[in-house]
Structure formats: structure tokens, C-alpha cells
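**Q** What would the 3D arrangement of this be:
(2 chains)
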2 protein chains.
Amino acid sequence: MDRKRLDQVRTAMAAAGLDALVCRLPENVLLLSGHWPLIGWSFLLFPREGSPLIVVPHCDEREAREELWEADSESFIFGVLTGGNPYEDIARALKARIAGKGYRRVGFEGNFECVAPPWNAAEPAIPAAATRGLLEAVIGSDYLVDATDFLNAQRARKTPLEQAKLRTANEIAALGLQAFREKAAVGVSGIDLVAHVEHTIVTRGPGHNGARRVRAFAQVSTGATETVIAYRPMVISTPRPMESGDLAVLEMAVVADGFWSDRTRAAVAGQPSGEQKRAFEAVRRAQEAAIEAIRPGVTAAEVDAAARGVIHAAGYDDEAFLHVTGHGLGLRYHEPTPLICPGGETVLEEGMVHTVEPGLYVPGMGGIRLEENVIVTATGCEVMGPCDKGLECAS
Amino acid sequence: MDRKRLDQVRTAMAAAGLDALVCRLPENVLLLSGHWPLIGWSFLLFPREGSPLIVVPHCDEREAREELWEADSESFIFGVLTGGNPYEDIARALKARIAGKGYRRVGFEGNFECVAPPWNAAEPAIPAAATRGLLEAVIGSDYLVDATDFLNAQRARKTPLEQAKLRTANEIAALGLQAFREKAAVGVSGIDLVAHVEHTIVTRGPGHNGARRVRAFAQVSTGATETVIAYRPMVISTPRPMESGDLAVLEMAVVADGFWSDRTRAAVAGQPSGEQKRAFEAVRRAQEAAIEAIRPGVTAAEVDAAARGVIHAAGYDDEAFLHVTGHGLGLRYHEPTPLICPGGETVLEEGMVHTVEPGLYVPGMGGIRLEENVIVTATGCEVMGPCDKGLECAS
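**A** Numbers count the residues shown, from 1 in each chain, chains lettered A, B, ... in the order given. Got it, this is the predicted structure:
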């Protein structure tokens, strides 16, 4: 059980005057209960005082039983002929639980516009009008408070247990990064690399430190034209075989039991050019400088400047390094705090988790990015799931 | 361009008194524009009269240009240092477009609680309070109408172009089904099968009929204890090697350029038992009976009864076949219409697309399900992406 998480949230709820939270997004259900929903139909009522109640579809019941820290659990039939209306079943269970409690301020997930999928990433379930109607009927519209900012603030610092889960996700991710470097070669395509990396994660991730539900989402851009836009959130991998000198950039999300990693590597098929080597060294040193700068008390802007200064000193400007140095993550691929960017005012605190991902994108040459995930420690930071990062392919 | 889709929607908008639709969910943007958003930050204003406007993040701009049928397009900077507030950029573009138009009823996506992810399935973007605020600021809260039911109704029948896209997704899915049967064997685990099937789809899907963005989401349950609950939306694949006589059930979603397939196969490692063969034959014949029954004018209940009658006649009851015979799908893994279930009142119409997926789940033996995706034609139905379905492994 993550006693520290529960105590911190309850203390913050008291300060914010929240009597309870009610969540259905998998990322927040996991945060507050230990259970990562399979299909996104688990509703958690988390009171400031007393036991939480989780209402789960019967198809998630076994995993809920195995994963939940402390919560009374009720289930409803879902997806089979004997099932009823899930909203009615959920409302009944929640209503019985809050009857007589006199909650005056109940926080809900009103403004998550980017969400982590449940284990069933093919069809996320999300709160829209029906969930809002359910909550209004159960709790009363006057008593509902948007807790999006509250929940994000809670998530900005990870507990030791959450850090351990993120370390596992990153160690699994490192298996994929290694597989990328071993497979990248002349004649291999971006799609070949995606398939190989995802296959590696899916087969070798489960069982690592007890991880059970593991999936990777990889994209590999190849060649100068594709990699020069590899700063974009999505670049489409192609079946075109790499030629000698082609850059490949792997961007990869890995989820292990609801905890996310976000990593990047670059490699060159055949011999890297002098220009590619120089750019790679600038990116590598920028990343090292940022990692060196991270510790509690420094601002996000200072960390960004450490990386950006190396890039500038190497002769590249912000048109070549046109994105932030890092962003928060953990229970989602991207989290809002901290944002490691020019002018970033967030003061780093122990337990924050973020990416460090300088990159260079130069027309004609292509793009290179290296991305690690770090935990801010008492004296500096820990790079999770360490893994080689040479530009040369390992094959 | 899907002229038929656009004409139908505009006719229905006139009947419903809708002046315009505004969508950001990838499934509806695709439906009305031909463009499948990469990251879910494309906003489409689709007026009943005049040209649509799509506002896309610059990272999606190239694909939007290649895929859009007819729409004016504006882009905003997203995810790099020079970007602003995307909501402000999107609002400005939409506001300029609707100025002076006098729209009194604009439909929005108010109640989609299950959604198809964008191409970036690792982090879907969804409409919550911020999107609602944007729409209220641009359009006026008095003029916004929830168009969820309207959009679902439009999607119940697929146009010939949409059918072609779904055929492609199902042909790609068939490659995965075939790979499953070839790989399933004693000593192979559910996770091995998931990885192999997904690898096959990711490498062989792109290029098939021009498909560019292809991904599979597979789950393989193995053995009697796991497969007997394989009717659940999610069963977790394990690394346990199959033993002789173990059943394996593959449940798989495939997406190809935003169009979804939902298929299932079962196989036995080694020699199937007599009981397994009998159950398989009942499921196979139930599926054939349902497929035989499908044509315009019959009700969903009649199709369900055709399948269920075979199951009952074979000596199994609804505790063994405890789920529906089928559901709609197309721009999402599951769509609400038609639902092929006992008492289902929907009258099938030409162009509807749904699954046909009888299954049997017998304690001690395990579970068996076969799932095809069909298009209702003028005289019957077309099974898309046909593929062998023997219980014996092909290896």
C-alpha cells in the first residue's frame, strides 16, 4: 500500500476543503487505489476520511482484488446478457455509500483533455455528459468541484512506490532501446524497427520486477527528411529500407501496469557523417549538462538553460533545438509539471519525475534526440533504466 | 472524396435543424473530412452549407493535406517553443470562420464516453471543460446542441468508400489471424502469440491497399481457466507456455487509417479433444447460421436467434453463450448500432457493418469464439477479410 500517497492526498484535500474525490480516469484511479483499470469502467470514491469505495465491472474484478491497497469493492455485470445499465449500477453503489455523509465539496475530473488510456488502449472510456449526469444525480451539482488542477498538483511529486514502478517501466523501455540499436542497419525500415522494438517489449517486459501488463507504442522516423521533423509528437514510420548514412530516431512510450516511460534514441545506418557525429555529441553533452543541473531548488528554466547553453555553444540555435528540454510524466505519457523550458518557473522538488530530451533538427542532415526519464533526488537526480546511447548501430 | 457521406450528413442536418457540426474526436473528424488526426488536436467545423474548416496542429499538416477531401485548412503551432495557447489559436480560427453566419444550432460531441484513440493511441486527446469553454466562447452556449446521437445515427450505415476502408482493415486483420494459427503450438505462450500477431500486422499491414497507419491490439488467453473468461473485454495474456490440449483465444483490434476491425480466432495446441471439437463446430455453425440470416429487413433479434438456436440445439445454454452475437463497428472498435442481441429491435439496413461472434465458455473445457466482421448488402452480407478458422493449429 502507498501510505505516503494516501496521507499526502488526504492532507491536501483538507487544505483544499475537499470532502471526497470521485474518479474514473484510469490514471487517477491507479493513483488513489493501486488498481489500473482494464477497460476504464472503474469508479473510485475516495473520501478524505474513511475507506474508499471502488465500483468495478466484473471483468476487472480479479485484477482489482489483486492490486487494490485498501478499498471496499463492489462490482457490476458488464458486457454480457445478464448485465443492466452500468450507469445505474454504478450510481446505486455510489449513492448507498455517500448517503448521510453530508459531503459538501466533491472533486471530479472535469478538465483532463489529454488522458492515459486504460489497459484496453484500443478504446478508452472517458467522462463526458453521462458521467457528469451520474455524478450530479449521486452527489448533487452544487457540491461538485473540478479537481483537475488539484489532481495534477498531487501528481507532480512521485512517492517512493511510484518511483519504483516508473523505474520498472524504464528498465523495460531500456530493453526496447537496446533492441533498436541492435536491429538498426542498412536495409532495415522504420516499420521493421517499430515492430522489433514493440515485440521485444511485449515479450520481455512482463515478469520484469513483477510487471504484468506491458505495452509499447513506438515510432521510428528514418532518413534526413523524416527525422528533421522528428520533434513532432507523431512521425509516421515507413517501410522504406534505410540507406547507408540514414539517421533513425526512435520515439517510444512504454506502459507497465499503468506507469509510463517516454524515451528516445537515434542511430545511423552504416557510418555516421562528421556532421551527424558533431550534432550527436552536442545533444549528448546538452543532456548531460541538464542532468548535472537537476536538483531540488533549481528552476525548470535553469535546467533548460544548461542544455540549451551547450547546444548554442556548439553552434546551433533554437531553430535547430526548437522544443522544450523536458516535461513531467508518470501516470501518463506527458504530465504538466514540471515543464523544463525557457522561462520555466517551476522550482524542482524531490520526487518530481521528468524527461530530459534535447534534440537537434538540421535541414539536410536530419534529426537527433536523446531522451531519458529522471527522478529528482535529495541531491541531484536518478536516470531511470540507464542504457547506452551511441549513434553507431550495435549490429 | 466521399460525396455520399457528405450529402447524407447534410440532408440529415437539415432534417435535424443543425446549422453546423463541430468535432474534435478523431473518429468524427475522419467521418466528415477524410483526415485521421495524428494526435487528436484537429478541430473540424462542418457547416450544412458551404465549405468545412479544419484547424490542425502543424505536426498533422502534411497528413491533413494528403487526406482531406474538401475543407479549408488552417494550422497552428503545437508542441514547440514558438507555439502559443492552442485553445486561443483554435478559437480565433473558428471564430473568424463563423462570424456573421448566424448559426443557431451547432452540434458538438457531448456524450462520447467510449472513444477511438487518435493515431497516437498512447495519449488520446478528448473534449472536456476546456473544449466546452472554447465552443461556448466561439459559438455561444445557447446555440450548442449535443450531437452525439445524431453522429452515431449517421455512422450506423457505412458508405461504399467507408466499406472499402473497412475491407482493407479486415484483410490486414486476416494476416494476423493467419499468423496466430501458424504460431500457436505447444510451448508457445499467450504473450508470444500477441507479440507475433502484432508484429505481423505492423510489418505487413502498411502498403496493403495503400494503408499507411496500421496498428494491432491483441490479447491471447490460453488454457481452460483463462479462456473460459475470454468473453470479457480484456483478458491478460501471460508468459505461460501452452501445453498439449490447451485452447488459445485471440481477440484482436486492428486499425488501418482510422478504420477498425474486431476479430477473434481460437486454436488448440496439439490435438483438440472431442469436447473442444464439438464446441467449436457448434460455434462455427452458429456463426454460419447468423451470417446466413443477415439481410436488409431482418431484425437484430432474428440474427441473434439464428446463432443462438444452433448453440441451444447443440446442447449449450445461455450461461455458455452469455454475450451478444454482434455489435456495430467501423470508426471505432465498438459502435452502438446495430446490436445483435436477444430482443434487438434494430432492423438491418444495407451498409450496416457489424461483428458476428458467437462463443462458448464451458468450465473445465475453456472458451471458444469466432468473430467476423460483415457488411449488410442488398441481398445478404459480405464477410470481410475472409480467413480459415479451423481449431487445429496450422503449424
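**Q** need the strands for the stretch 251-395 of chain A, in chain order.
**A** Under the criterion DSSP state E, counting those that start in this stretch, the stretch 251-395 of chain A carries strands at the ranges A:259-268, A:326-328, A:335-340, A:353-356, A:359-362, A:366-369, A:372-376, A:381-383.
**Q** and the longest one, C-alpha only, in CSV?
**A** Pointing back at strand A:259-268 there. In CSV, the C-alpha atoms belonging to strand A:259-268 read as follows (Å, rounded to 0.1, in the frame of the first residue of the first chain):
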residue,chain,number,x,y,z
PHE,A,259,3.2,3.7,-15.2
TRP,A,260,4.7,5.3,-18.3
SER,A,261,8.1,5.8,-19.8
ASP,A,262,9.0,8.2,-22.6
ARG,A,263,12.3,7.5,-24.3
THR,A,264,14.2,8.4,-27.4
ARG,A,265,17.3,7.2,-29.2
ALA,A,266,19.0,8.0,-32.5
ALA,A,267,21.2,5.7,-34.6
VAL,A,268,22.8,5.9,-38.0
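**Q** just checking, what packs against it?
**A** helix A:160-183, strand A:247-256, helix A:274-293, strand A:366-369, strand A:372-376 (3 or more C-beta pairs under 8 Å, 6 or more residues apart in numbering or on different chains; DSSP states H and E). Where you see a C-beta, it was placed from the backbone N, CA and C, and this is true even at glycine.
**Q** go with 7 Å
**A** helix A:160-183, strand A:247-256, strand A:366-369, strand A:372-376 (3 or more C-beta pairs under 7 Å, 6 or more residues apart in numbering or on different chains; DSSP states H and E).
**Q** For the closest residue to A:E292 other than its chain neighbours, give its distance to chain B.
**A** Nearest residue to A:E292 in three dimensions, chain neighbours excluded: A:A306, at 6.9 Å (C-beta to C-beta, 6 or more residues apart in numbering or on different chains). A:A306 is 16 Å from chain B, where distance means C-beta to the nearest C-beta, to the nearest Å.
**Q** do A:A314 as well
**A** For A:A314, the distance to chain B - C-beta to the nearest C-beta - is 18 Å.
**Q** Please give the number of neighbouring residues around that residue.
**A** Neighbours of A:A314 under the rule other C-beta atoms under 10 Å in any protein chain shown: 17.
**Q** and it, what pLDDT?
**A** Looking at A:A314, its pLDDT stands at 98.
**Q** Out of the helices and strands packed on strand A:259-268, which gets nearest to chain B?
**A** strand A:247-256 (4.0 Å; C-beta to the nearest C-beta).
**Q** Is A:A256 in contact with A:V214, as I believe?
**A** Yes: here A:A256 reaches A:V214: they are 4.9 Å apart, a contact under C-beta atoms under 7 Å.
**Q** As JSON lines, the strands of the stretch 251-395 of chain A with mean pLDDT, distance to A:G207 and mean neighbour count would be great.
**A** Converted to JSON lines, those look like this (pLDDT from 0 to 100; distance: least, C-beta to C-beta, whole Å; neighbours: other C-beta atoms under 10 Å in any protein chain shown):
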{"stretch": "strand A:259-268", "mean pLDDT": "98", "distance to A:G207": "16", "mean neighbour count": "27"}
{"stretch": "strand A:326-328", "mean pLDDT": "98", "distance to A:G207": "28", "mean neighbour count": "24"}
{"stretch": "strand A:335-340", "mean pLDDT": "98", "distance to A:G207": "27", "mean neighbour count": "22"}
{"stretch": "strand A:353-356", "mean pLDDT": "98", "distance to A:G207": "24", "mean neighbour count": "27"}
{"stretch": "strand A:359-362", "mean pLDDT": "98", "distance to A:G207": "33", "mean neighbour count": "23"}
{"stretch": "strand A:366-369", "mean pLDDT": "98", "distance to A:G207": "30", "mean neighbour count": "26"}
{"stretch": "strand A:372-376", "mean pLDDT": "98", "distance to A:G207": "21", "mean neighbour count": "24"}
{"stretch": "strand A:381-383", "mean pLDDT": "98", "distance to A:G207": "23", "mean neighbour count": "18"}
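**Q** which residues touch the closest residue to A:V347 other than its chain neighbours?
**A** Nearest residue to A:V347, sequence neighbours excluded (C-beta to C-beta, 6+ apart): A:T299, at 5.6 Å. A:T299 is in contact with A:344-347, counting by C-beta atoms under 7 Å, 6 or more residues apart in numbering or on different chains.
**Q** Can you pick out the most distant pair from these?
**A** Within the contacts of A:T299, two members stand farthest from each other by C-beta to C-beta: A:G344 and A:V347, at 9.7 Å.
**Q** one step back: among the contacts of A:T299, name the buried ones.
**A** For the contacts of A:T299, a neighbour count by 16 or more other C-beta atoms under 10 Å in any protein chain shown gives the buried set as A:344, A:346.
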